[in-house]
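K.L.:
Show me how the following folds:
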Amino acid sequence: MKKVFISVSLLLVFTACKENKGLQNISKGSGQRNASFKLFSSAFADGGYIPLKYTCDGENISPPLLWKGLPQGVKSLALVVNDPDAPSGNFIHWIAVNIPPEMNSFSENISLPAGVEQLPNDFGIDGYGGPCPPSGTHRYLFTLYALNETRFLGSREDLFDFLQTHSIARAQIVGLYSRK
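P.N.:
Residues are numbered from 1 along each chain as shown. As a prediction, the model looks like this:
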């Protein structure tokens, strides 16, 4: 009985690590960086500190985001926000998919329009969960993917493969945060 419990426990840990590892890699390798495809925030500069209000220590609301320079052939967008410095090796804070290419921004604390879906983050909610590092300064990667597919219909577990297959380009900004 003890061997079965240990085997099942190891399998669950391995599966969780494998899933987050795949999602971590999407921020590094899917889609080409495109010089004209850019992601910005009026709340923080790329490489700058994320203001308190967008974190678990503040209002825990999503920051404003703006993008421009979409490459040709884009049929939808996907946004992934992750913390590669988390103790688990990666922590997903936000996933939004099926963003229409006509959209060019998210306002602060956005209520996403119909059709845009949010997948579960590592806080266990569908939506934004702000930076909340246990210690030290962590990096938060806001990565926007330009996709050649109109809709993503899979689960979070299917997202990595979908982005690997359908990403045309990506734009990214990095925000920093540490708790007092």
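K.L.:
Check the gap between the spatially most central residue of the chain and Ser178 for me.
P.N.:
Nearest to the geometric centre of the chain sits Val80, at 1.7 Å (Cα atoms, centre = their mean). Val80 sits 22 Å away from Ser178, going by Cβ to Cβ, to the nearest Å. (Each C-beta comes from the backbone N, C-alpha and C, glycine too.)
K.L.:
Can you give me the pLDDT of Thr15?
P.N.:
On the pLDDT scale, Thr15 is placed at 39.
K.L.:
picking up where we left off before, part of a strand, is the residue nearest to the centre of the chain?
P.N.:
Yes. Counting by DSSP: H, G, I helix; E, B strand; the rest coil, Val80 is found in a strand.
K.L.:
quick one: it and Phe91 touch, right?
P.N.:
No. Using Cβ atoms under 8 Å, Val80 makes no contact with Phe91, being 11.5 Å away.
K.L.:
Convert the C-alpha atoms of stretch 104-114 to PDB, please.
P.N.:
Extracted as PDB, the C-alpha positions of stretch 104-114 are listed here (Å, rounded to 0.1, in the frame of the first residue of the first chain):
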ATOM      1  CA  ASN A 104      -5.300  46.400 -29.300                       C
ATOM      2  CA  SER A 105      -5.400  46.900 -25.500                       C
ATOM      3  CA  PHE A 106      -6.700  45.800 -22.100                       C
ATOM      4  CA  SER A 107      -7.800  48.500 -19.800                       C
ATOM      5  CA  GLU A 108      -6.900  48.300 -16.100                       C
ATOM      6  CA  ASN A 109      -9.000  45.700 -14.300                       C
ATOM      7  CA  ILE A 110     -10.600  44.700 -17.600                       C
ATOM      8  CA  SER A 111     -13.800  42.800 -17.900                       C
ATOM      9  CA  LEU A 112     -13.000  40.900 -21.000                       C
ATOM     10  CA  PRO A 113     -15.600  40.900 -23.900                       C
ATOM     11  CA  ALA A 114     -17.700  37.900 -24.800                       C
END
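K.L.:
quick one: that stretch to chain centroid distance?
P.N.:
15 Å (Cα atoms, centre = their mean, to the nearest Å).
K.L.:
Please state the offset of stretch 165-173 from the chain centre?
P.N.:
Between the centre of stretch 165-173 and the centre of its chain there are 12 Å (Cα atoms, centre = their mean).
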